[in-house]
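below is the structure, and that's it, no one-letter string:
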């Protein structure tokens with residue numbers, strides 16, 4: 001289904017020396033409806049056509065053919081402003097929503113595969129609030145691309161290897177207890193890890209002992225391997241509880257250890273392509289001419305590093321998972337690391353390296369504070385989610401204690417509030433987690449959006465009416481008010497919004513879009529009598545309600561959030 005933006009681009013494109021994609025990029029939305037519903041600026045055409053932008057705009061306005069869905073085309077300075085026929089648009093959008101369960105979807109990504117690396121918590125450590133950002137941003141970016149027809153491979157690159165396991169093994173053998181770990185595995189393992197660092201401050205020889213045990217693990221020592229395997233298993237069980245609460249799932253759990261037998265081939269290929277240089281005993285790829293420090297491939301003791309592992313992972317995702325694009329949802333602090341890895345892939349001769357993208361994000365703070373697992377300064381995400389659910393349940397107890405399916409709704413709203421709070425801001429911005437902002441039912445929050453969806457459902461229940469059973473052609477769209485028109489335009493803009501969010505790898509575009517819909521719907525709700533005695537009027541207004549409910553639910557689903565029908 002073509003969007004109206006795409007339809008207008010097709011009308012313009014034959015008359016200018018730009019292709020349709022360039023035209024689409026230039027088409028914009030005016031700040032208010034008095035200036036039209038779409039605007040095309042002619043400034044960039046001036047040099048190409050050697051004419052004043054105002055003259056180009058006037059000529060283009062006269063060249064646009066008359067079509068039934070366009071009410072008017074006007075020239076205002078250097079802009080061509082397009083006014084959509086309101087009644088046509090309202091009927092068209094409502095019919096599309098009624099007839100197509102996949103309203104708003106696109107096949108732009110059909111035939112292409114994306115491997116997206118996100119969440120990636122460390123084994124034997126708590127899944128903290130600090131892991132939330134990668135998890136929910138990655139899940140939303142994956143959802144957006146699936147919506148656009150891409151095959152998406154969701155990869156959890158677990159931190160299940162490295163010297164920290166030597167530390168946990170040492171701590172467990174010195175101070176651990178098998179029964180205690182079985183009863184509360186993650187908390188006990190974290191406590192042991194924190195104790196190791198505390199003890200190592202006074203007994204630095206513990207660090208040597210930890211390195212020795214990790215070397216044993218690398219060499220396949222049975223005791224080290226069995227302990228490591230146990231740590232991984234209990235961690236995954238704990239992580240799964242959190243993922244189930246968040247509604248997040250993965251196609252592949254491929255931790256760092258998965259690539260242990262794949263890194264020698266990477267090093268050999270780098271040697272064969274004469275990309276390796278020895279520096280202070282270490283093997284590196286020099287990147288000075290690209291304004292980057294050397295990319296470390298092998299330490300002087302022969303140990304591989306994160307870059308080696310990420311090179312092996314990239315090759316696996318491209319060659320085995322058949323991914324055309326590789327996405328990495330990792331904090332901004334790893335920006336240089338990924339620039340180096342992508343540049344090395346490019347130097348290795350892989351054209352697809354240009355399709356590798358680091359999706360960075362800002363720091364997550366909790367009430368203004370950072371986190372540190374080493375110092376024990378952690379806030380477990382699972383506990384935060386449970387607390388949010390309990391707080392929402394207390395609100396329901398106060399306002400609607402007999403709400404059916406109360407437990408499930410408290411979960412949907414409590415978890416949704418946490419996710420939405422993260423995704424409503426641009427991913428590059430720093431996020432500060434504050435309860436008073438998250439659970440507000442009146443602000444720009446998840447509960448506000450979910451409540452608006454529930455309000456739509458309530459109206460439809462009262463009317464005992466469903467869109468599927470309605471003849472939309474019998475509705476009267478001949479007098480679409482300004483307040484209704486602003487809402488209809490938003491409802492018709494779902495596909496374009498999702499495409500922009502996917503292109504910019506920014507779920508906040510969808511979050512801000514659904515906030516706009518809810519605000520506009522609530523204006524309509526408060527200023528319009530919906531359930532009147534006039535059958536045609538009643539049905540016409542209920543169609544707007546049903547279409548709003550549909551688009552809110554789809555938008556929330558793209559963000560990984562449930563849309564309860566009552567709150």
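It's in. None of the values given here were measured: they were computed from a predicted structure.

now residue 455, what are its backbone angles?
Backbone dihedrals for residue 455, given as degrees, to the nearest 10, come out at phi -60, psi -40.

near it, how many other residues are there?
The local packing of residue 455 (other CB atoms under 10 Å) involves 20 other residues. Yep, even glycine has a C-beta here, placed from its N, CA and C like the rest.

measure it to residue 433 for me?
Relative to residue 433, residue 455 is positioned 27 Å away (CB to CB, to the nearest Å).

ok, residue 104 next?
Residue 104 sits 31 Å away from residue 433, taking CB to CB as the criterion.

the two - which one has more neighbours?
More neighbours sit around residue 104 than around the other of residue 104 and residue 433, counting by other CB under 10 Å; the figures are 24 against 20.

name the surrounding residues that touch the helix or strand bottoming out on mean pLDDT in the chain.
Least confident helix or strand of the chain, by mean pLDDT, DSSP states H and E, is strand 364-366 with a mean of 77. Outside of strand 364-366, the residues within contact range by CB atoms under 8 Å, 6 or more residues apart in numbering are 129, 130, 132, 133, 371, 379, 422, 430, 431, 432, 433.

just the buried members of these?
Buried members of these, scored by 16 or more other CB atoms under 10 Å, are 129, 130, 132, 133, 371, 379, 422, 431, 433.

need phi/psi at the fourth one.
Main-chain dihedrals, residue 133, degrees, to the nearest 10: phi -60, psi -50.

if I pick it, what's in contact with it?
Residues in contact with residue 133, defined by CB under 8 Å, 6+ apart, are 331, 361, 362, 364, 422, 427, 431.

switch the cut-off to 10 Å
118-119, 329-331, 361-364, 422-423, 427, 431 (CB atoms under 10 Å, 6 or more residues apart in numbering).

which members of those occur in strands, if any?
Assignment to strands by DSSP state E places the following of the contacts of residue 133 there: 329, 364, 431.

burial of the second one, as a residue count?
Going back to what we said before, that points to residue 364. Burial of residue 364, expressed as a neighbour count using other CB under 10 Å, amounts to 21.

identify the bridge partners of it.
With beta bridges defined as DSSP bridges, residue 364 has these partners: residue 431.

let me see the ranges of the strands in the stretch 101-250 of the chain.
Across the stretch 101-250 of the chain, reading from the start of the chain, the strands by DSSP state E, counting those that start in this stretch fall at 113-117, 151-156.

just give the nearest non-adjacent residue to residue 68, would you?
Beyond its immediate neighbours in the sequence, the residue positioned closest to residue 68 (CB to CB, 6 or more residues apart in numbering) is residue 88, lying 6.2 Å away.

may I see the buried residues of the helix or strand hosting the one you found?
With the criterion set as DSSP states H and E, the secondary-structure element containing residue 88 is helix 86-99. For helix 86-99, the neighbour count (16+ other CB under 10 Å) marks 86, 87, 89, 90, 91, 92, 93, 94, 95, 96, 97, 98 as buried.

how about those residues in JSON lines, adding distance to residue 154?
Conversion of these to JSON lines gives the following (distance: CB to CB, whole Å):
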{"residue": "86", "distance to residue 154": "41"}
{"residue": "87", "distance to residue 154": "43"}
{"residue": "89", "distance to residue 154": "36"}
{"residue": "90", "distance to residue 154": "38"}
{"residue": "91", "distance to residue 154": "39"}
{"residue": "92", "distance to residue 154": "35"}
{"residue": "93", "distance to residue 154": "32"}
{"residue": "94", "distance to residue 154": "34"}
{"residue": "95", "distance to residue 154": "34"}
{"residue": "96", "distance to residue 154": "29"}
{"residue": "97", "distance to residue 154": "28"}
{"residue": "98", "distance to residue 154": "32"}
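
identify the farthest-apart pair in those.
Maximum pairwise distance in the buried residues of helix 86-99, criterion CB to CB, is 18.3 Å, between 86 and 98.

now do the contacts for the residue nearest to residue 68.
Residues in contact with residue 88 (CB under 10 Å, 6+ apart) are 67, 68, 69, 70, 71, 477.

what about those residues, which are in strands?
In strands, defined here by DSSP E, the members of the contacts of residue 88 are 70, 71.

so which of the contacts of residue 88 comes closest to residue 447?
Residue 447 lies nearest to residue 477 out of the contacts of residue 88, by CB to CB, at 32.2 Å.

ok, back up a step: quick one, which of the buried ones among the contacts of strand 364-366 has the minimum pLDDT?
Comparing pLDDT over the buried ones among the contacts of strand 364-366, residue 371 scores lowest. The value there is 53.

quick one: low-confidence ranges for the stretch 101-250 of the chain?
Counting by pLDDT under 70, the stretch 101-250 of the chain contains no low-confidence range.

okay, helices next: where are they in it?
Secondary structure of the stretch 101-250 of the chain (DSSP state H, counting those that start in this stretch): helices at 132-147, 163-175, 178-183, 185-202, 205-218, 222-246.

what residues sit buried inside the fourth one?
Taking 16+ other CB under 10 Å as the neighbour-count basis, helix 185-202 is seen to contain the buried residues 185-186, 188-197, 200.

quick one: list the elements packing against that helix.
Here helix 185-202 touches helix 163-175, helix 178-183, helix 205-218, helix 222-246, going by 3 or more CB pairs under 10 Å, 6 or more residues apart in numbering; DSSP states H and E.

hmm, who's touching the shortest one?
Think helix 178-183. Where contact means CB under 10 Å, 6+ apart, the residues beyond helix 178-183 that reach it are 172, 177, 187, 188, 189, 191, 192, 230, 231, 234.

does the first one touch residue 234 like I think?
What that stands for is residue 172. No - taking CB atoms under 10 Å as the definition, residue 172 is not a contact partner of residue 234, at 11.8 Å.
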